[in-house]
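1. Any chance you could fold what I've pasted below:
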Amino acid sequence: MNFNPDSTGNHKRQTKIIATLGPATDDPAVLERVIAAGASVFRLNMSHGKGEDQLERARLVRKVSSRMDREVALLADLQGPKIRVERFTDGQVDLAAGDEFILDAEDDTTPGTKERVGVSYKGLPRDVHPGDVLLLDDGLISMVVERVDGGKVHCTVELGGILRDRKGLNLKGGGLSISGLADHDLSHIELAARMGVDYLAVSFVSDERDINRARKLMRKAGSEAALVAKIERMEAIENLEEICDAADVIMVARGDLGVEIGDEELPGLQKRIIRTALKHNRIVTTATQMMQSMVENPVPTRAEILDVANAVIDGSDAVMLSAETAVGKHPVRVIESVHRICVGAERHFEQEGVVTHLNVRFQRIDQAIAMAAMFMATNVSVQAIIALTESGSTAQWLSRVQSAVPIYAFSRNEASRRRMTLFRDVYPVKLETDSEDEELVVQSALQKLWRTGALVSGDRVIVTMGDRMGRSGGTNTLRYIKLDADGRSHYAV
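-> I've put the predicted structure just below:
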């Protein structure tokens, strides 16, 4: 098992990269190069393509990663209740400032004109009031609500432009009462379970109920996938603490969030969301237009470099690429570029000596063991931490305390290893022995790292484990070991 695809020289990349699948990665040879370049999680965007296309992409990832002997995870991203205008007679209209325009929730079938168009959300007239600002096509067009007449919302165009079929619609400042799960998401949840995804992302989450409902539906469909809450609505910001309690992963989804709250508020909110997620000890990812110029260009802009680096320094476990890998011209180069940026940002971040601490009152012994291990790792000479884990929970707790010490998480459970690919600074490894003898298991793990060069003679490592191997949540033991010339434990210090 080549468990560490993200190493360059003596520095291992801590931050993980999520790559979106699409036509640009459908060639198995390209997908293999994307994995080799460092992508560890692959996103299936349920907003695009047919279900069978996504199912085939999931199969391809499993096939190629298995052939490469790499651990990678699959993330299904639900479309959610995206509000869109319907179609126009000619496919588009040209709106000018001052034009009167009607958003029609009563009639979404009659093709639109320069005077009106249907909208997909029937509750829009109920949610808006005179003076509200509606943003279309990611804010490129804006209009002010003048009055509501039954199911018709009468507006005046404030910022004009070309409005095309099926473009999105947002209410500036939030306030739409639409649920985080749409009817089309229900069949996509069943499809995600069939694909065996490791993560399910819920779009346009408004509160913890959206996450709880999605989790219940996934379990009913037979999936144990972890739940990702995409923060892209103002309502989610207001309920952020509760959402962090309910979800396994928090995603800063900057596209629709930026439209709703205004671009000027987005940088501060990104930092607030990441801080809150880390306070709750949740995995956190940052997404949307991180390397957008590389959809066309072979190199990123300086602004994009700083954006990715800033997300890393803020504490993101992962950064996500969308169109850059799904339909871009340079899917491999963009992964390579993000890899280099992350490594550089982590190197400078380490020099600052900033270490975050596990923000919990310990309710479980494995949390206390993780905190003790990371305290030792940051205060004594340690080259690695080995976590012998069944479910991966100990590795997650260890990853919440950011340091320069790599965490090698050994597990017999394939699903657990795949989920751990999203954890910052965690490198999942297959535990190849079936023995329940603690000493034999420890020696097997040490030997594997020694044979691959991850550890060398004289290195000191911390090992966390349970006194009953194979039991989920049973980590209760910490050992401090020095390797001898044969890669075995020489003595405990």
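2. Please make it C-alpha for all contacts and neighbour counts, starting now.
-> Will do.
3. centre of the chain versus the strand or helix carrying Ala36, how much separation?
-> Counting by DSSP states H and E, the element that carries Ala36 is helix 28-37. Centroid separation for helix 28-37 versus its chain: 20 Å, with CA atoms, centre = their mean, to the nearest Å.
4. What average pLDDT does that helix get?
-> For helix 28-37, mean pLDDT is 98.
5. Show me what that helix is packed up against.
-> Where contact means 3 or more CA pairs under 8 Å, 6 or more residues apart in numbering; DSSP states H and E, helix 28-37 is packed against helix 51-68, helix 331-351.
6. CA atoms of the longest one as CSV?
-> When you say that, I think you mean helix 331-351. Written as CSV, here are the backbone C-alpha positions of helix 331-351 (Å, rounded to 0.1, in the frame of the first residue of the first chain):
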residue,chain,number,x,y,z
PRO,A,331,-6.7,18.6,-14.4
VAL,A,332,-3.3,17.2,-13.5
ARG,A,333,-1.4,20.4,-13.5
VAL,A,334,-4.0,22.1,-11.2
ILE,A,335,-3.6,19.3,-8.6
GLU,A,336,0.2,19.6,-8.8
SER,A,337,-0.1,23.4,-8.3
VAL,A,338,-2.4,23.1,-5.3
HIS,A,339,0.0,20.5,-3.8
ARG,A,340,2.9,22.9,-4.1
ILE,A,341,1.0,25.8,-2.6
CYS,A,342,-0.3,23.8,0.3
VAL,A,343,3.2,22.5,1.1
GLY,A,344,4.6,26.0,1.0
ALA,A,345,1.9,27.4,3.2
GLU,A,346,2.3,24.6,5.7
ARG,A,347,6.0,25.1,5.9
HIS,A,348,5.6,28.8,6.9
PHE,A,349,2.7,28.0,9.2
GLU,A,350,4.9,25.5,11.1
GLN,A,351,7.6,28.2,11.6
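7. Show the average pLDDT along that helix.
-> 90.
8. Quick check: mean pLDDT of stretch 102-114?
-> 96.
9. no, scratch that, I was asking about stretch 179-188
-> For stretch 179-188, the per-residue pLDDT values average out at 90.
10. Quick check: end-to-end length of that stretch?
-> This stretch, stretch 179-188, spans 16 Å end to end (CA to CA, to the nearest Å).
11. ok, and the closest non-adjacent residue to Arg164?
-> Sequence neighbours aside, Gln92 is the residue nearest to Arg164 in space, at 4.1 Å (criterion: CA to CA, 6 or more residues apart in numbering).
12. contacting residues for the one you found?
-> Contacts for Gln92 (CA atoms under 8 Å, 6 or more residues apart in numbering) come out as 162-165.
13. and it, backbone torsions?
-> phi -170, psi 160 (degrees, to the nearest 10).
14. ditto for Asp127
-> phi -90, psi -10.
15. wait, is Trp397 part of a helix?
-> Yes - judged by DSSP: H, G, I helix; E, B strand; the rest coil, Trp397 forms part of a helix.
16. From Val429, how far out is it?
-> For Trp397, the distance to Val429 (CA to CA) stands at 17 Å.
17. Ala193 and Met218 touch, don't they?
-> Yes - at 6.8 Å, Ala193 counts as touching Met218 under the criterion of CA atoms under 8 Å.
18. ok, for Tyr121, nearest residue in space, not its chain neighbours?
-> Nearest non-adjacent residue to Tyr121 (CA to CA, 6+ apart): Ile83, at 5.9 Å.
19. contact partners of the host helix or strand of Leu306?
-> Element membership for Leu306, per DSSP H and E: helix 302-314. Identification of contacts with helix 302-314 by CA under 8 Å, 6+ apart yields 15, 271, 274-275, 286, 290-292, 318-319, 338, 341-342, 344-346, 349.
20. rerun that using 6 Å as the cut-off
-> Contact with helix 302-314 is made by 290-291, 345, as judged by CA atoms under 6 Å, 6 or more residues apart in numbering.
21. next one: stretch 200-215
-> Applying CA under 6 Å, 6+ apart, the set of residues contacting stretch 200-215 is 75-78, 80, 180, 227-230, 232-233, 235-236, 239, 242-243, 246.
22. ok, Thr325 - contacts?
-> Applying CA under 6 Å, 6+ apart, the residues near Thr325 are 20, 331.
23. If we use 7 Å, what do you get?
-> Thr325 sits next to 19-21, 24-25, 331 when contact means CA atoms under 7 Å, 6 or more residues apart in numbering.
24. Would you check how far apart it and Asp77 are?
-> Taking CA to CA, one finds Thr325 at 15 Å from Asp77.
25. ok so, going back, max pairwise distance over the contacts of Thr325: which two?
-> Pairwise distances across those (CA to CA) peak at 11.1 Å, for the pair Ala19 and Ala24.
26. Can you name the secondary structure element that comes next after the helix holding Ala36?
-> Next along the chain from helix 28-37, counting by DSSP H and E, comes strand 39-45.
27. partner strands of that next one, parallel or antiparallel?
-> Strand pairing for strand 39-45, determined by DSSP bridges: strand 16-20 (parallel), strand 73-77 (parallel).
28. most centrally placed residue in this protein?
-> Thr285 (4.4 Å; CA atoms, centre = their mean).
29. which residues sit in contact with that residue?
-> Applying CA under 7 Å, 6+ apart, the residues contacting Thr285 are 250-252, 316-319.
30. Just give the number of residues close to Glu115.
-> Burial of Glu115 is recorded as 13 neighbouring residues (other CA atoms under 10 Å).
31. Verify the stated contact: it with Asp104.
-> No - counting by CA atoms under 7 Å, Glu115 does not reach Asp104; the two are 10.4 Å apart.
32. shared neighbours of the two, anything?
-> With CA under 7 Å, 6+ apart, Glu115 and Asp104 have no common neighbours.
33. re the thing from before, Glu158 is nearest to which of the strands paired with strand 39-45?
-> Comparing the strands paired with strand 39-45 under CA to CA, the one sitting nearest is strand 73-77, at 32.9 Å.
34. now the strands for the stretch 51-200 of the chain?
-> Ranges of strands in the stretch 51-200 of the chain, per DSSP state E, counting those that start in this stretch, are 73-77, 92-95, 100-104, 116-118, 133-136, 141-149, 152-159, 161-164, 169-171, 199-202.
35. Return the list of helices and strands in contact with the fourth one.
-> The reference is to strand 116-118. Counting by 3 or more CA pairs under 7 Å, 6 or more residues apart in numbering; DSSP states H and E, the packing neighbours recorded for strand 116-118 are strand 100-104.
36. Return the strand it packs on as PDB; C-alpha atoms alone will do.
-> Provided in PDB are the C-alpha atoms of strand 100-104 (Å, rounded to 0.1, in the frame of the first residue of the first chain):
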ATOM      1  CA  GLU A 100     -39.600  46.200 -15.400                       C
ATOM      2  CA  PHE A 101     -39.400  42.400 -15.000                       C
ATOM      3  CA  ILE A 102     -41.700  39.700 -13.500                       C
ATOM      4  CA  LEU A 103     -40.600  36.500 -11.700                       C
ATOM      5  CA  ASP A 104     -43.600  34.300 -12.100                       C
END
